[in-house]
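Participant: Here's a sequence, model it:
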Amino acid sequence: MVPSEMDGPPGRVRSEGEERPKATLQGVMRALRVLELLAERPMRATDAAEALQMSWATLHRTLSQLESAEFITRDNAGVFRMGRRTWLLGSTYLVGHPLLELAIPLFREAAEETPSGVYQLAERSGNLVVTLYARDAMSGETITRTTYGHHFPMHCGSKGLVLLAHLPPAEIDEYLAGPLARLTPETDTDPASIRAKLDVIRQQGYSRTVGDVQSFTGSLSAPVHNSVGEVVACVCLVMARTEFDDGPAEATALQSVQRVARTISLGTGWQPMHWATYENGRRS
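Facilitator: Numbers count the residues shown, from 1 in each chain. Next up is the predicted model:
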């Protein structure tokens, strides 16, 4: 037999039953694709096969392995969702997270000053916005889909738009060239319109949307910077739609969001005057 590039270095004999490295890597990547898909929404195997453009035999083998290892679980209706072992791995990401340690006391203080709503700390993961932490405001009012496990595309909601606005131009182009989901009738899915909004967000330093994630809510978001000036997260306040009237209460809420985001940024070592001078010099 002529050795192939997958068999390893010349002279090395692959033992019986040993998997080829490339095949093993393909299997890992396939499993990760399945997990990412189910993280977006639970679904049946047939829907997953269609979404992933994967053969039924291959998908069935991958699902069986993931279910056996408790990375996913299946209910009586045949719907697969994330399992406890995946949650165990994912939850360790928050342990010692530097932004989270800065945010928690600030969110607690801000929530006591805000009559209603939910404060969130969010990051980007691929084309989605991931909520790392959520804190209800003083009223204790619960707003659906604002806690862990509810992630949305970047063009939906103020937190997604504020993160999208600060991506490199090439990444913005790539995102807007892809499919843009419509979550409500008010979700903007027009690339030109979204680009115009991103320009405004960069200029004013925050994002505001109403009714584009859930018809009865709106939100305000401000960027969080790291020590070298990059936008790495955002602070978001989700409130009932009725709170968005351009009045004093909304203005106070925006000030709170911007203050918390700025304080977290300063805690990372961000120096706003330094980076403002750098950016101005680069544009001139």
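Participant: Which residue ranges of the stretch 51-200 of the chain form strands?
Facilitator: 72-74, 79-82, 118-125, 128-136, 152-153 (DSSP state E, counting those that start in this stretch).
Participant: Select, out of those strands, the one closest to Phe244.
Facilitator: Ranking those by proximity to Phe244 (Cβ to Cβ) places strand 118-125 first, at 14.4 Å. The way it works is simple: take the backbone N, C-alpha and C, and place the C-beta from them, glycine included.
Participant: Give me the distance from that closest one to the chain's centre.
Facilitator: In this view, strand 118-125 has its centroid 7 Å away from the chain centroid, taken as Cα atoms, centre = their mean, to the nearest Å.
Participant: The chain should start at 55 in everything you say after this.
Facilitator: All right, first residue 55 from here; so that's strand 172-179.
Participant: Each with direction, which strands does that strand pair with?
Facilitator: strand 182-190 (antiparallel), strand 285-294 (antiparallel) (DSSP bridges).
Participant: which ones are touching the nearest residue to Thr112 once chain neighbours are set aside?
Facilitator: Nearest residue to Thr112, sequence neighbours excluded (Cβ to Cβ, 6 or more residues apart in numbering): Arg84, at 7.1 Å. When contacts are counted by Cβ atoms under 8 Å, 6 or more residues apart in numbering, Arg84 is found next to 108, 112, 116.
Participant: what's the neighbour count on the second one?
Facilitator: Taking other Cβ atoms under 10 Å as the criterion, the count of residues near Thr112 is 14.
Participant: again with the last one
Facilitator: Under the neighbour criterion other Cβ under 10 Å, Thr116 is assigned a count of 22.
Participant: Same check on the first one?
Facilitator: Here the count is done by other Cβ under 10 Å, and Met108 has 17 residues near it.
Participant: if I look at it, how far off is Ala85?
Facilitator: 11 Å (Cβ to Cβ, to the nearest Å).
Participant: okay, and the common contacts of these two?
Facilitator: Taking Cβ under 8 Å, 6+ apart as the criterion, Met108 and Ala85 both touch Thr116.
Participant: which SS class is the closest residue to Thr198 other than its chain neighbours?
Facilitator: Spatial nearest neighbour of Thr198, chain neighbours left out: Gln268 (7.1 Å); criterion: Cβ to Cβ, 6+ apart. Following DSSP: H, G, I helix; E, B strand; the rest coil, the label given to Gln268 is coil.
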